[in-house]
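# Sequence first, predicted model second:
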Amino acid sequence: MTIENEKTVATRNSEKLRESLPKNLSEKESKFFQQIVNAKTSPLKKLESIYNLMDDLYNFASRFTPCKKGCSSCCYYPVSISELEISYIEKVTKVKKNKAQIAPREFHGLPCPFLQNNACSIYSARPFACRKHIALTPTNMLCTPELANTVSLPKVKFSNIELAYAHIHAESSSPNLVDIRQAFGKENSLR
């Protein structure tokens, strides 16, 4: 399969996904941002609501992707997370963040600290960036860290989820983002 074929199929899959999204999911997503803004609950509960809707939407989108358990190329990409997401990971997984954060650097090509046996060990608590990453290509050829970001491909994007995430990120007390490796990685494994 050539890069041009990969791009053509990804574009076609993006169109198919938009056209075939069930009406109930489309309507739910279209009202979601306002629901998050109006919700009288904690930012952590709002984040959990975002993740739940994302699971529904991206489970539907999975029929258009080569992404499967064991395909872990994207686990070598940088993954920006917020303090709120760190708290969520800690709450759900009982894994504690590093006492001292690892210094920022280029993390592309380094494995996520939660990658175990080519699978995400915190899949149910994975961050927003991981949940929204989905390849629409017919193969995972372009997903390798060496080829990632070398070709422009259509992305799955749900605008109200993006707005809801930005909203809770802005309302949280610590809006800065760090890479997941800074928060949970081990210094000696990042060399």
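In hand now; what should we look at?
# Grab the most central residue of this structure for me.
Centroid-nearest residue in the chain, with CA atoms, centre = their mean: Cys130, separated by 2.0 Å.
# Need the CA coordinates for whatever helix or strand it lives in. CSV is fine.
Here Cys130 sits within helix 128-132, counting by DSSP states H and E. What follows is helix 128-132, C-alpha atoms only, in CSV (Å, rounded to 0.1, in the frame of the first residue of the first chain):
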residue,chain,number,x,y,z
PHE,A,128,-7.9,12.7,26.3
ALA,A,129,-5.1,12.8,23.7
CYS,A,130,-5.0,9.0,23.5
ARG,A,131,-8.8,8.7,23.4
LYS,A,132,-9.1,11.0,20.4
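# which other helices and strands contact that helix?
helix 43-61, strand 80-82 (3 or more CB pairs under 8 Å, 6 or more residues apart in numbering; DSSP states H and E). For every residue, glycine as well, the C-beta is placed using N, CA and C.
# so which of the ones you listed gets nearest Ile134?
With CB to CB, the closest approach to Ile134 among the helices and strands packed on helix 128-132 belongs to helix 43-61: 5.6 Å.
# now that closest one, how far from the chain's geometric center?
11 Å (CA atoms, centre = their mean, to the nearest Å).
# Please point out which parts of it sit buried.
Residues Pro43, Lys46, Leu47, Ser49, Ile50, Tyr51, Leu53, Met54, Leu57, Tyr58, Ala61 are the ones in helix 43-61 that count as buried (16 or more other CB atoms under 10 Å).
# Flag the shaky bits of the protein, pLDDT-wise.
Scanning the chain for pLDDT under 70 picks out 188-191.
# For it, which segments are assigned as helices?
3-20, 23-38, 43-61, 83-93, 128-132, 159-171, 180-184 (DSSP state H).
# Tell me which residues are up against the fifth one.
Applying CB atoms under 8 Å, 6 or more residues apart in numbering, the external contacts of helix 128-132 come out as 47, 50-51, 54-55, 58, 74, 79-81, 85, 120, 156-158, 161, 165.
# let's see 6 Å
Applying CB atoms under 6 Å, 6 or more residues apart in numbering, the contact partners of helix 128-132 are Met54, Val79, Ser80, Tyr165.
# residues in contact with the second one?
Applying CB under 6 Å, 6+ apart to Val79 gives the contacts Ala129, Ile180.
# now what about stretch 106-116, what contacts it?
72, 75-76, 78, 120-122, 145, 179-181, 184-185, 190.
# And for stretch 138-155?
Contacts of stretch 138-155 (CB under 6 Å, 6+ apart): 1, 3, 6, 9-11, 14, 66, 71, 73-74, 76, 109, 135-136.
# Recalculate using a threshold of 8 Å.
By CB under 8 Å, 6+ apart, stretch 138-155 touches 1, 3, 5-7, 9-11, 13-14, 66-67, 71, 73-74, 76-77, 108-109, 135-137.
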